[in-house]
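> Predicted model, plus sequence, below.
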Amino acid sequence: MKSSKRFMTHLALTGVAIAVTGCSMMGTSQPDWEADKEYKVTILHTNDHHGRFWQNRNGEYGMAARKTLIDNIREEVALEGGNSLLLSGGDINTGVPESDLQDAEPDFRGMNMLKYDAMALGNHEFDNPLEVLKQQQEWAGFPFLSANILDEETGKPLFDAYHIFQVADLKVAVVGFTTDDTAKLGNPEYLEGIKIESPIEVAKTLIPKVSKKADIVIAATHMGHYDNGQHGGNAPGDVTLARTVPGIDVIVGGHSQIPLTEPDEQNGTLILQAHEWGKYVGRLDMVIKNGEIISSEYKLIPVNLKKKVKDAEGKSVRVFIEEEIEQNPEMLAMLTPFQEKGQAELNIEIGYASDDLVGERSVVRFQETNLGNLIAAAMKEKVNADIGVMNSGGIRDDMPKGIVTYKSVLQVQPFANAISYVDLSADELTSYLSGVGSKEAGTGAFAQFDGVAFTLVDGQATNIMVNGEALDANRSYRVAINSYVATGGDGYPKVTDHPNYVNSGYVDADVLVEYIQNNSPLDVAKFAPKGAVKR
């Protein structure tokens, strides 16, 4: 237990661990809390950070502003006699080049300064070799949790399964779970020697044991929130966990990257998720009495997010949704050298192109181009899809012949959209291609393709060939797209509510960089227009 003074000066962690991992069980003990006394506990949380340690070009989010916000909340909670924990739903890795090039060191050091108490391991934590992940935990200085990611040789959790914190007179257990889709989403090379079990099956055994040791049980998960448990082709998520395994008071989630503006209560469990990238900090204020949560309030707090409005002259300008949060100077000073180093490394050579790649607006929005085909091919390969589809409005520049740098790729794809995919039946694919293939030339919606060719007749896709083979009515097809059009951007069919939709978390520019690196020198002739759509 900590004094208010230590809270207000931010010199201590928000909880004191008294037990570690699911392999080190304590005996059943009497509770420390006083009967009929009300305890205030606040859970703060973020998820799917994906390398966004720095604010974006519009001055939104960023860890420096997040620190100011969290410091203020902690002080407020302490002054009101409460205590708090700060948790993450995972996926700190893989997002923007400035972070990726430095193994997310600025992000984990930033989390250390923010005094996170624990984090669920996300699938993108396995985008790097295991030694990198272990180094990241040293930078972070707090527990990485996953009860279902095991060392194949020993059968024990690779990292801690759970951690118990003494929060005032309460024992609060935080148990980590990671989506079992990690086995198919992660890099197989980096998953050697690792066994990934079903988090729900592990929870069935573990949660009853942990419940005997703690007053409150929180699951920090990277499993995804799927409305009414409809997870489709994805592994089961938080709703299924809550419905299947009793004894979990709160789930702090991640993976599906959605903003839950209010808790989804399932089987007495409050499920939370705070969107992505540190855009929001989730805040759950609980009152606990006799070992039970008797009341709670929840909100998502935007971190310098902005919206577009018209000014007095009718021009579109961006204004803060809520009052601007100042950037913490100590955090800013720590992060600045990393940002500057990352920016410098953007000028490094990543490959060579044998000819000009055409992304000029006046061309790419009217016709198939080699750059459009290249981007669609890179997306397709990254998520093992059958077809790649790219909206021309997301292509912002040519890529000249010769040396290619990170910077030149970012000039082509500056929006940091994530690569997504959806598995569609043959009928669904026909409908989808009919919709996107009909987008008007000259608009940003005009589509570029890889892996498919078809004829458009009266707005309907016919004679569909996928990678040289006729459409098979009895199989499904994976389509790679970016997260912008997946949500209906540019008037594309919305697929984010499709049960087989997955946001991979990979940033489009990073995917193109990787593809160019792996195929350099790039033979541009291979991406020459072939007439994917006949009209």
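That came through, no problem.

> Ignoring the adjacent residues along the chain, who's closest to L44?
In space, L44 comes closest to L86 once its chain neighbours are excluded; the distance is 4.6 Å by C-beta to C-beta, 6 or more residues apart in numbering. Just so you know, the C-beta spots here come from the backbone N, C-alpha and C atoms, and that holds for glycine as well.

> Burial check on that neighbour, number of neighbours?
24 (other C-beta atoms under 10 Å).

> can you confirm it is in a strand?
Yes. Counting by DSSP: H, G, I helix; E, B strand; the rest coil, L86 is part of a strand.

> pLDDT of the helix or strand hosting T221, averaged?
Using DSSP states H and E, T221 maps to strand 216-222. Taken as a whole, strand 216-222 has a mean pLDDT of 98.

> Report the buried residues of it.
By neighbour count on 16 or more other C-beta atoms under 10 Å, the buried set for strand 216-222 is 216-222.

> now swap in stretch 166-173 and tell me
166-168, 170-173.

> now, the most widely separated pair of those?
Greatest spacing in the buried residues of stretch 166-173, by C-beta to C-beta: A168 and A173 (14.9 Å).

> circling back to that earlier point, what helices or strands is the next helix or strand after the strand holding T221 leaning on?
Later in the chain than strand 216-222, the nearest helix or strand by DSSP H and E is helix 238-244. Secondary-structure packing of helix 238-244 (3 or more C-beta pairs under 8 Å, 6 or more residues apart in numbering; DSSP states H and E): helix 199-211, strand 216-222, strand 250-252, strand 264-266, strand 269-272.

> angle of the second one against helix 199-211?
When you say that, I think you mean strand 216-222. Orientation check (axes from the mean of the first three to the mean of the last three C-alpha atoms, to 10 degrees): strand 216-222 against helix 199-211 gives 160 degrees.

> Packing partners of strand 216-222?
strand 83-88, strand 118-120, strand 170-178, helix 199-211, helix 238-244, strand 250-252.

> which among the buried residues of strand 216-222 gets closest to N370?
Nearest to N370 among the buried residues of strand 216-222: H222, at 37.8 Å, using C-beta to C-beta.

> contacting residues for that closest one?
47, 89-91, 120-123, 177-179, 253-255 (C-beta atoms under 8 Å, 6 or more residues apart in numbering).

> let's see 7 Å
Applying C-beta atoms under 7 Å, 6 or more residues apart in numbering, we find H222 in contact with 89-91, 120-123, 178-179, 254-255.

> Identify the residue spatially nearest to G488, adjacent ones excluded.
Distances taken as C-beta to C-beta, 6+ apart put K494 closest to G488, at 3.8 Å, once the chain neighbours are dropped.

> Helices of the stretch 1-150 of the chain, residue ranges please.
Counting by DSSP state H, counting those that start in this stretch, the stretch 1-150 of the chain has helices at residues 4-9, 63-79, 97-100, 105-114, 130-140.

> Please list the outside residues in contact with the shortest one.
Counting by C-beta under 7 Å, 6+ apart, the neighbours of helix 97-100 from elsewhere in the structure are 51, 53-54, 94, 106-107, 339, 342-343, 346, 406, 510.

> now the strand holding T221, how far from the chain's geometric center?
Chain-centre distance of strand 216-222: 17 Å, with C-alpha atoms, centre = their mean, to the nearest Å.

> Quick check: A418 vs Q257, distance?
The gap separating A418 from Q257 is 8 Å, by C-beta to C-beta, to the nearest Å.

> ditto for D508
Distance from D508 to Q257, by C-beta to C-beta: 15 Å.

> neighbour count winner among these two?
Under the neighbour definition other C-beta under 10 Å, D508 and Q257 were set side by side, and D508 has more, 26 against 23.

> Tell me if I'm right that that one and P414 touch.
No. In this structure D508 lies outside contact range of P414 using C-beta atoms under 7 Å: 9.6 Å.

> returning to that earlier point: helix or strand for the residue nearest to G488, just tell me which one.
Going by DSSP H and E, K494 is not part of any helix or strand.

> Count the residues that sit near it.
Neighbours of K494 under the rule other C-beta under 10 Å: 13.

> If I look at it, what pLDDT would I see?
Confidence score, pLDDT, at K494: 93.

> That one against T487, yeah?
Yes. Between K494 and T487 there is a contact under C-beta under 7 Å: 6.2 Å.

> Which neighbouring elements make contact with the helix or strand harbouring S362?
Taking DSSP H and E as the definition, S362 sits inside helix 361-364. Of the remaining helices and strands, none touches helix 361-364 by 3 or more C-beta pairs under 7 Å, 6 or more residues apart in numbering; DSSP states H and E.

> So which residues make contact with that helix?
Outside helix 361-364, the residues that reach it (C-beta under 7 Å, 6+ apart) are 358, 369, 371-372, 392, 395.

> Repeat the analysis, applying 10 Å as the threshold.
If you take C-beta atoms under 10 Å, 6 or more residues apart in numbering as the criterion, helix 361-364 is touched by 358, 369-372, 375, 390, 392-398, 442, 444, 446, 448.

> Just the buried residues of that helix, please?
Applying a neighbour-count criterion of 16+ other C-beta under 10 Å, the buried positions in helix 361-364 are 363-364.

> Strands along the stretch 351-500 of the chain, start to end?
Remark: strands assigned in the stretch 351-500 of the chain by DSSP state E, counting those that start in this stretch are 387-391, 402-405, 418-425, 447-450, 452-457, 460-466, 469-470, 476-482.

> Show me the one of those strands that comes nearest N228.
strand 418-425 (18.9 Å).

> quick one: average pLDDT of the closest one?
Strand 418-425 comes out at a mean pLDDT of 96.

> Only the buried subset of the contacts of helix 361-364, as a ChimeraX command please.
Applying 16+ other C-beta under 10 Å to the contacts of helix 361-364, the buried members can be selected in ChimeraX as follows:
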select :358,369,370,371,372,375,390,392,393,394,395,396,397,398,444,446,448
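
> out of the contacts of helix 361-364, which are inside helices?
370-372, 375 (DSSP state H).

> Going by distance to Q266, which of those residues wins?
Nearest member of the ones in helices among the contacts of helix 361-364 to Q266, counting by C-beta to C-beta, is I375, at 39.7 Å.

> Quick check, pLDDT for that closest one.
I375 is given a pLDDT of 98.

> before we move on, the earlier item: pipe the strands of the stretch 351-500 of the chain into a markdown table and attach distance to N500 per row.
Listed next are the strands of the stretch 351-500 of the chain as a markdown table, based on distance: least, C-beta to C-beta, whole Å:
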| stretch | distance to N500 |
| --- | --- |
| strand 387-391 | 14 |
| strand 402-405 | 34 |
| strand 418-425 | 4 |
| strand 447-450 | 20 |
| strand 452-457 | 18 |
| strand 460-466 | 17 |
| strand 469-470 | 21 |
| strand 476-482 | 8 |
